[in-house]
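Q: Need coordinates for the following:
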Amino acid sequence: MSGHFKESEFVPLNLAVLTVSDSRTEETDKSGLTLKERALEAGHHVVEKSIVPDDIYQMRAVVSRWIADTDVHVIVSTGGTGITGRDSTPEALQPLFDKSIEGFGELYRTISLEEIGTSSIQSRAIAGLANGTLIFCLPGSTGACRTGWDKILKSQLDMRTRPCNFAQMFPRLLEV
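A: Numbering: from 1, shown residues only. As a prediction, this is how the structure comes out:
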């Protein structure tokens, strides 16, 4: 472990969870619920959870509102990252990014390769930064959400993870 950052306590972040689906409801949204439960179990606050159809403009409207809200630190979406005709999360959200975090999608697919084999190539998981808000886009299956949270996001959103993590970058994300 690196001594790059001073020792610190866990700092809860405010998360918003977005489920992108044409068919899920609050009762059937297992993926969004999985993300919400895992975030709460980790000690974070889930300030909002929403379900929107796989529609570029409806996704952008919800995410843009969250990006503009200084109380939202992190947005995690599930769904719409495949390659079918209706899958449009990357196309909807990438234009909102000030910076892309390419390593997230690369790491997600690498980890996913161990779990689902070469089918991981079909994932278009992405991440970026917009107005100081971190945005992570995961596939829509509950297993994909568990993988993304348990193997990447849980530690990267924890101030105590060494040698570095995303949580330590607040409030420096808006520096110019």
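Q: Count the neighbours of Glu9 for me.
A: When neighbours are counted by other Cβ atoms under 10 Å, Glu9 registers 6. The C-beta positions use only the backbone N, C-alpha and C, and glycine is treated the same way.
Q: Now do the contacts for it.
A: 159-160 (Cβ atoms under 8 Å, 6 or more residues apart in numbering).
Q: try the one 10 residues further on
A: Counting by Cβ under 8 Å, 6+ apart, Thr19 touches 29, 31-32, 49-52, 77-79, 140.
Q: rerun that using 7 Å as the cut-off
A: 29, 31-32, 51, 78-79 (Cβ atoms under 7 Å, 6 or more residues apart in numbering).
Q: Let me know the closest of those residues to Thr161.
A: Taking Cβ to Cβ as the measure, Thr161 lies nearest Thr78 of the contacts of Thr19, at 22.4 Å.
Q: so that closest one touches Ser31, yeah?
A: Yes - the criterion here is Cβ atoms under 7 Å, and Thr78 meets it with Ser31 at 4.3 Å.
Q: Other residues contacting the longest helix that the chain contains?
A: With secondary structure taken from DSSP state H, the chain has its longest helix at helix 102-116. With Cβ under 7 Å, 6+ apart as the test, helix 102-116 has contacts from 120, 123, 125-127, 136, 147-148, 151-152.
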